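Engineer: Next one to model:
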Amino acid sequence: MITFRDPAEIPAGFGPSVVVIGKFDGVHAGHRAGIDRARVEAASEGARVVAVTFDRNPLSVLRPEVCPEDLVSLDQKLALLAETGVDATLVLHFDRALADLAPEEFVRRVLVDAVGAVTVFVGSDFRFGRGGAGDPRLLADLGRELGFRVQVIDDIRARDEGRRVSSTWIRTLLAEGDVETAARLLGRPPAVRGEVVHGLKRGRELGFPTANLSVDAEGFVPADGVYAGWLVDHGAIEGADATPSPHSTTRYPAAISVGTNPTFDDVAVRQVEAYVLDETDLDLYGHRVEVHFIARIRGMVAFEGIDALIAHMTDDVARVRAALQ
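Structural biologist: Below you'll find the predicted structure:
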């Protein structure tokens with residue numbers, strides 16, 4: 001997948017393109033259904049598939065007081081879009097200048113001049129241009145004038161609840177710790193990624209050494225608790241003081257803890273730490289890892305003393321092992 005960070009980077013004559021526009025937060029099942037439709041359309045048109053998205057949630061500029069936390073970082077989003085098979089992604093820098101473009105100017109600059117759109121797919125709630133004046137109907141009118149078609153992507157709804165698949169719903173599920181339902185809507189396990197850093201080393205003292213993710217880890221961290229999942233090691237970060245990984249990517253079964261360690265009450269901020277099952281000498285410091293959440297084992301609680309904590313951790317590991325079979 002080619003990534004463009006500005007319409008000016010796109011070479012002349014890049015089109016024709018079938019375009020899908022959206023925030024793509026999480027690149028969930030609804031997003032991928034729209035992209036799949038675009039791929040079919042592109043095959044019949046002999047065109048490229050181009051995703052047009054933004055480097056931040058537009059609400060962070062327009063209404064920061066109501067802007068939700070992102071499900072994925074921009075880098076995660078680009079990696080997920082690449083997996084869908086799009087040919088290119090255009091990442092627009094969303095600022096006041098972009099927000100204040102007239103709808104007609106946005107369409108000409110981005111969809112016509114930059115990518116040579118022949119078909120544009122948008123959601124029914126798509127808005128663009130100054131004050132959100134543009135909607136799918138206006139986009140279709142401009143398309144008839146400028147030579148492209150517009151198709152509105154139907155909502156994807158859960159069969160059992162009839163609810164529209166959305167980033168908002170997934171965010172709610174993760175905040176409740178329901179990683180299994182979130183995974184069904186995402187089409188993959190929810191995940192966070194970051195650098196493994198030094199912690200208090202208390203897990204090692206208790207016999208369960210953990211890989212602690214940095215506090216700036218990317219992705220939406222689910223509710224406090226213990227989870228079954230996987231730790232994927234992507235190797236040492238360039239320039240980090242780290243042990244090289246023998247493979248480019250290695251996946252380990254893991255018991256994952258999210259929270260502030262209430263038994264000891266000495267962790268100031270929520271942290272994600274993963275104990276790789278049956279590994280006591282694994283050195284992942286300075287490595288970039290991704291933690292995949294498969295199932296929630298229990299909530300986070302404070303225990304009466306070290307012995308009770310170790311007993312519950314031992315039980316947690318057994319339950320994690322069973323959940324991953």
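
Engineer: Now do the contacts for Trp22.
Structural biologist: Just to correct that, residue 22 is Gly rather than Trp. For Gly22, the contact set (CB atoms under 8 Å, 6 or more residues apart in numbering) comprises His31, Gly34, Ala51, Val52, Thr53, Val122, Gly123, Phe126. For every residue, glycine as well, the C-beta is placed using N, CA and C.

Engineer: Could you single out the nearest of these to Ala254?
Structural biologist: In terms of CB to CB, no member of the contacts of Gly22 lies closer to Ala254 than His31, at 27.7 Å.

Engineer: Provide the secondary structure category for that closest one.
Structural biologist: Secondary structure, DSSP: H, G, I helix; E, B strand; the rest coil: His31 is helix.

Engineer: Leu101 versus that one, what's the distance?
Structural biologist: Note on His31: its distance to Leu101, by CB to CB, to the nearest Å, is 24 Å.

Engineer: who has more neighbours, the two?
Structural biologist: Comparing His31 with Leu101 by other CB atoms under 10 Å, the one with more neighbours is His31, at 29 against 17.

Engineer: From what I see, the more buried one and Phe24 are in contact.
Structural biologist: Yes. Contact criterion CB atoms under 8 Å: His31 and Phe24 qualify, at 5.3 Å.

Engineer: Looking at strand pairing, list the partners for Phe293.
Structural biologist: Bridge pairing for Phe293 (DSSP bridges) gives the partners Gly229.

Engineer: At which residues are the strands of the stretch 201-325 of the chain located?
Structural biologist: Assigned by DSSP state E, counting those that start in this stretch, the stretch 201-325 of the chain shows strands spanning 211-213, 225-236, 250-259, 271-276, 287-298.

Engineer: Of all these, which one is nearest His93?
Structural biologist: strand 287-298 (25.3 Å).

Engineer: and Thr260, what are its phi and psi?
Structural biologist: Backbone torsions for Thr260, taken as degrees, to the nearest 10, come to phi -120, psi 20.

Engineer: Just confirm it contacts Val272, I think it does.
Structural biologist: No. Counting by CB under 8 Å, Thr260 stays clear of Val272, with 11.4 Å between them.

Engineer: So between the two, which is more surrounded?
Structural biologist: Per other CB under 10 Å, whichever of Thr260 and Val272 has more neighbours is Val272, with 25 against 14.

Engineer: if we take the contacts of Gly22, which one ends up nearest to Leu185?
Structural biologist: Nearest to Leu185 among the contacts of Gly22 is His31, at 10.6 Å by CB to CB.

Engineer: contacting residues around the closest one?
Structural biologist: For His31, the contacting residues are Gly22, Phe24, by CB under 8 Å, 6+ apart.

Engineer: Which pLDDT value goes with it?
Structural biologist: Note for His31: predicted pLDDT of 95.

Engineer: And it, how close does it get to Leu213?
Structural biologist: To Leu213, His31 is 26 Å away according to CB to CB.

Engineer: Also Val165?
Structural biologist: For Val165, the distance to Leu213 - CB to CB - is 28 Å.

Engineer: Which one's more surrounded, these two?
Structural biologist: Higher neighbour count among Val165 and Leu213: Leu213, with 28 against 21, using other CB under 10 Å.

Engineer: and that one, bridged to which residues?
Structural biologist: Counting by DSSP bridges, the residues bridging with Leu213 are Val196.

Engineer: Contact partners for it?
Structural biologist: Listed by CB under 8 Å, 6+ apart, the contact set of Leu213 reads Val192, Arg193, Gly194, Glu195, Val196, Val197, Gln271, Val272, Glu273, Ala274, Val289, Val291.

Engineer: Could you rerun that using 10 Å?
Structural biologist: 192-197, 199, 219, 221, 231, 256, 258, 271-274, 288-291 (CB atoms under 10 Å, 6 or more residues apart in numbering).

Engineer: What ranges does the chain have for its helices?
Structural biologist: Assigned by DSSP state H, the helices in the chain fall at 29-45, 59-62, 74-83, 96-99, 103-106, 136-146, 167-175, 179-186, 202-206, 306-323.

Engineer: can you tell me which of these the model trusts least?
Structural biologist: When I compare the helices of the chain, helix 202-206 is least confident, with a mean of 62.

Engineer: where in the stretch 201-325 of the chain is pLDDT low?
Structural biologist: The model of the stretch 201-325 of the chain has pLDDT under 70 over residues 201-207, 239-248, 262-268, 302-305.

Engineer: go with 90
Structural biologist: Counting by pLDDT under 90, the ranges of the stretch 201-325 of the chain that qualify are 201-210, 234-250, 260-270, 278-285, 300-314, 325.

Engineer: Please enumerate the shared neighbours of His31 and Phe24.
Structural biologist: Joint contacts of His31 and Phe24 (CB under 10 Å, 6+ apart) are Ala51, Thr53, Lys77, Leu80, Leu81, Thr84, Ser167.
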